[in-house]
Each structure stands twice: as structure tokens, then as C-alpha cells.
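A.B. asks: Give me a 3D structure for the following:
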Amino acid sequence: MSQSMTAAPRGALGTWAISVTAVCVASATFAYGARTRAHEPASVALAPPTMSSAPAPKLSSVSRPNEAARSALGKLIFFDKSLSEPEGTSCASCHDPAHGFAGNHGSTVGVPLGSRAGHFGIRNTPSVMYLKFTRPFHLHWEEDAPVVDAYGGFFWDGRVDDLAEVPKQPLLNPNEMNNASGASIVAKIEHAEYGADFRQAFGASTDAEHTLRSVGEALASYLTSPELAPFSSKYDQFIQHRVALSTQEALGLDLFKDSAKGGCSECHKLNDTIPVPERSLFTDHGFDSVGVPRNAKLSVDHAPDHFDLGLCQRPNPKFHSDSPEFCGAFRTPSLRNVALRQSFMHNGVFSSLRDVVSFYASRSTNPRRWYRGPEFDDLPTQYREYVNVDKAPYNRHAGDAPALDDREIDAIVAFLGTLSDPVPR
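C.D. replies: Numbering: from 1, shown residues only. As a prediction, this is how the structure comes out:
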């Protein structure tokens, strides 16, 4: 669900950007370093809830006794290529199981191709695995912290809280699945091989909103099923004392956690000391601005003065996130299955995981390697001051030694490879 889903500050990997094409269009952004802001937000006037007070994800009217049946139905919908216009693009076209339920649908520019030639999502396709642990968008003000932090929500910008509402955006987006209206989806569901099962589960209806909601609930059941949160990687076996990491992988884990080196675990949270995989989601569900370079391959679609500002453009009035310090911030994705992805960062600028780690390690020490123009060139000048420059590995200066050398970068990449679940057959 690529472009349909967007945004997140200070640390990101890379969109059901969770959109159904966003289910198809979006893939992982990856971010190292702690989320720190040296500037007070221009306008934040509410006392944010604590993390523990954030409500659990809601699946609305999904009936728990019928969950297995709805999940099976949702899987059929997820792989149904008739639900695009023209036919041929399913949610799985962009959220490909072979790529950790992310992918580009054949695109080579870093963001996913939609159902029509020449039409692309605006953001990289994020993985839709492990979505069951995502909480609704909320603000949190840590005691004595200088500023408020944002967490949660679906898409790169956290714009949607209810997973059952997510599919509407890719299904109806002209650059993604390109359905002209809800009525056209009603007709396609009616004639699908699973149409009778759909009517049995949700009732017969010609109302487009009812059908779209029902499609969303079925997909939500599948996306929150055990199949999409298997915890079957080498890392999971390692913390359960079933396998050992190689020497290189073990070094990578140490560097990943080292706040003076990779600093990755500041945002990509883990707990490798207990045999509970759910405690190692490799994200804090927060947002970070990491100064991702501009993706020159998108220049045909984006004018020179076009900027994707992420969180501060999030269209949701419940929690205002339009403070300047949120501009350029995107959601920190989970790093689970990151080694299977094809593109990285919210704009898909990198196609190599090693380049991502190298960027974080030397962004501050060798900026000319990464930016064709000024530093942080994918942000308007007035928002560059909010890019994370305070914590390792960002807290160095041009000409300094990078936070990680080549051997250490390779070790972190090797460790990230242990986060891949076996590809389902």
C-alpha cells in the first residue's frame, strides 16, 4: 500500500505503507540512531497520553468466533488480481511474500508500479508483516523531555488507526489499484470465486461503503493472523537457544545495540536476553527525520520544488502533528525481513541494504557521498534543522572517521539477515 500510506519522523525503514498496493506500493525505510529533537515544537499544546495508555489496535466489527474463516477469505482477497483496474494487480503484487510482504511490482525506481504502466506510488512499499502489534497514532511526552514524540498508526505517516480502513486507499487510488469507485469493487467481489463465501460472512449488500468496510475487515483478519507474524527467523531461534549466531552475526548484534556505534536499537527495539520474540519487534513505532537523500529516479514525477514532508502533512485532526519539527519525519518500520526487501527508505532511494547501513554510518562524516546538492536535499531548507544529528551514528562531523568501518557494516548487514522468516510456499 505504498503511497497511500505515509509518514514518520526520526528513523525509518521503509509503506500497506501499508496500502494495498500501497497494498502495492511501498517498502522499507531503515533508520539508525536515537530520536532526539533539540528544538521545541512550534505548537504542541496537549498533554499526551503515556505509552501504556495508548489504545490497542481495533478491528472494529470483526467477529472473533469467525476469525479463521474471515482470515481465509482475507487471504483470497489479498491475492486476487481481479480487484484492480485493469485486472492483474493484487495486494500481493506489491506486498510480495518472496520479499517479506513488501516489493515494487516490477518497478526499478524505488517506489511501486501501480496497475497501469507509467503510474507509480509516491512512497516505497512497506512490509505488512507483524502489523498486529501496531497501535493507533498517539503523542507521548516523556517526563522532563523537551518535546513531544509521535507513535503508531498505519502508513508512513500514521494517518490511519483502523487496519480495516487501510485498503480503501490503495483500492481507489488511481496510481495504485485504480478502481473508479466503491461500486466497481462491489461488482468485482460479487463475481469473484469467493463471492458466495463473502456474502455469507458479511451479508449480501449493494452498498459500496459496506462492501469496502467488509473487504477491509477480511483483509485485517488475514494481516493480523499468525501467518503474518510467524516469528520463525534465525534470530527468534537464537533467543530461544535453539541455534547460535555466526561470529560475524554476533558482532553485528553487538554493534546494532552499541549506542556509540550503530545505535540502531534506540529506534529498532529488541530484547535478546529473553526467549520472547514479541519483545523484539525491531521498531519503537515512532517517527524520525534522518535526512534521506533525494531519489533522482523520481524526478520525472516530482518537480524540483516538490517535497514529501511526511508526518507534518498527516491528515488527521485528532492529534495534530503539523508542528515544523515533524516535517521530514517518517514512521520507523520494523526491520524484520528487511534483508528480503527490494528498496529502502520512504522514497526508495536505496536498493541495497548495505548502502542503507553505510549511509547511516557516514552521512555526517562524508555528506558529499550521499547528497548531490546541500545536505538533507530532500527537505526544504527551513526543515533541515530538525533532522536527527545528535545521537550516534549521526553525531560526527565532516572529515571525522565514520561510526562504522567496512567490517562493522558487513557485520550489521549479516545480523539483519538473521531477521528473515522463511518465505512461505
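A.B. asks: where does this protein dip in pLDDT?
C.D. replies: Scanning the chain with the threshold set as pLDDT under 70 gives 1-65, 300-301.
A.B. asks: could you pull out the helices for it?
C.D. replies: Taking DSSP state H as the criterion, the chain carries its helices at 67-78, 91-94, 168-172, 182-191, 195-202, 208-223, 234-239, 247-257, 353-362, 406-417.
A.B. asks: So which of these is the most surrounded?
C.D. replies: Comparing these by mean neighbour count (mean count of other C-beta atoms under 10 Å), helix 91-94 ranks first with a mean of 30. Yep, even glycine has a C-beta here, placed from its N, CA and C like the rest.
A.B. asks: Using PDB, list the CA coordinates for that one.
C.D. replies: The C-alpha trace of helix 91-94 is given here as PDB (Å, rounded to 0.1, in the frame of the first residue of the first chain):
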ATOM      1  CA  CYS A  91      -2.300  -6.600  -2.900                       C
ATOM      2  CA  ALA A  92       0.400  -9.300  -3.100                       C
ATOM      3  CA  SER A  93       1.800  -7.800  -6.300                       C
ATOM      4  CA  CYS A  94       3.400  -5.100  -4.200                       C
END
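A.B. asks: by contact count, what packs against that helix?
C.D. replies: Using 3 or more C-beta pairs under 8 Å, 6 or more residues apart in numbering; DSSP states H and E as the contact criterion, the elements in contact with helix 91-94 are helix 67-78.
A.B. asks: Show residues contacting the helix it packs on.
C.D. replies: Outside helix 67-78, the residues that touch it by C-beta atoms under 8 Å, 6 or more residues apart in numbering are 23, 62-63, 83, 90-92, 95, 192-194, 197-198, 201, 215, 217-223, 225, 227.
A.B. asks: Out of the helices of the chain, which gets nearest to Pro146?
C.D. replies: Closest to Pro146 of the helices of the chain is helix 353-362 (C-beta to C-beta; 23.7 Å).
A.B. asks: Which elements pack onto that closest one?
C.D. replies: helix 406-417.
A.B. asks: now the angle between helix 247-257 and the helix it packs on, please.
C.D. replies: Counting by axes from the mean of the first three to the mean of the last three C-alpha atoms, to 10 degrees, helix 406-417 points 90 degrees away from the direction of helix 247-257.
A.B. asks: so helix 406-417 versus helix 353-362, what angle?
C.D. replies: 130 degrees.
A.B. asks: Give me the contacts around helix 406-417.
C.D. replies: By C-beta under 8 Å, 6+ apart, the surrounding residues in contact with helix 406-417 are 234, 245-246, 248-253, 255-256, 261-262, 264, 335, 338-339, 353-354, 357-358, 361, 404.
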